[in-house]
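Novice: Kindly return the folded structure for what I paste below:
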Amino acid sequence: MGLILLGIVALLVLLAILAYNRLVGLRNQVANGWRQIDVQLKRRYDLIPNLVNAVKGYMKYEQETLQRIIEARNQAVSARGVAEAAQREAELSGVLGRLFALMENYPDLKANQNVLQLQEELTSTENKIAFARQFYNDVATKYNIARESFPSSIIASLFRFQPAELFAVTDERERVAPVVDLGF
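Specialist: Modelled structure (predicted):
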């Protein structure tokens, strides 16, 4: 009888160790996912001043927009945590979108190879950021599910595993589908 009890205790300890190790692994994947976003955001932040400087001479009448981009960039750089970063990034994306729309009004600017290359790099970086956010949210969701599921929830509460925040749309206007009218 004592051997059976010892076997049950050993099995429970083994399950606890496996649950703990799984939670640690997922928590580290969440941290890695955030760092991947951070790498792409750093690239974006480095590209923005180059793009602004490249278009400054052409867009003499749009200095306010260019100043807003730099301000939004600086606020995004200083964001702390997932929720604040998501909000600041949405604001930055909005002003960058306005810049790209304004650039269409400047034929010389659209023909400038340096500007086109910077715009392409920024667009590519935006796509990489979106993929990194998706990866982060996927891993954070797995971690949160493991953290809340029994029996690993017991281990998570014992060792104070905190929930991971998810990137979410903070501006309700982004949830509205754009109207596309191809009628002539």
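Novice: where's the most centrally placed residue in the chain relative to residue 165, distance?
Specialist: Nearest to the mean C-alpha position of the chain, by CA atoms, centre = their mean, lies residue 133 at 3.9 Å. Counting by CB to CB, to the nearest Å, the gap from residue 133 to residue 165 is 12 Å. Every residue, glycine included, has its C-beta placed from N, CA and C.
Novice: now residue 72
Specialist: Counting by CB to CB, the gap between residue 72 and residue 165 amounts to 21 Å.
Novice: likewise residue 50?
Specialist: In terms of CB to CB, residue 50 sits 31 Å off from residue 165.
Novice: Compare the two and say which is more crowded by neighbours.
Specialist: residue 165 (18 against 15; other CB atoms under 10 Å).
Novice: which element is that one on?
Specialist: Assignment of secondary structure by DSSP states H and E places residue 165 within no helix or strand.
Novice: Next: residue 88.
Specialist: When elements are assigned from DSSP H and E, residue 88 belongs to helix 82-103.
Novice: Which SSE is immediately downstream of that helix?
Specialist: Helix 82-103 is succeeded, C-terminally, by helix 107-111 (DSSP H and E).
Novice: What ranges in the protein fall below the confidence cut-off?
Specialist: Counting by pLDDT under 70, the ranges of the chain that qualify are 169-184.
Novice: who does the biggest helix by length in it touch, helix- and strand-wise?
Specialist: Among the segments of the chain that qualify as a helix by DSSP state H, the longest is helix 2-56. Helix 2-56 is packed against helix 63-77, helix 82-103, helix 113-148, helix 152-158, with contacts defined by 3 or more CB pairs under 8 Å, 6 or more residues apart in numbering; DSSP states H and E.
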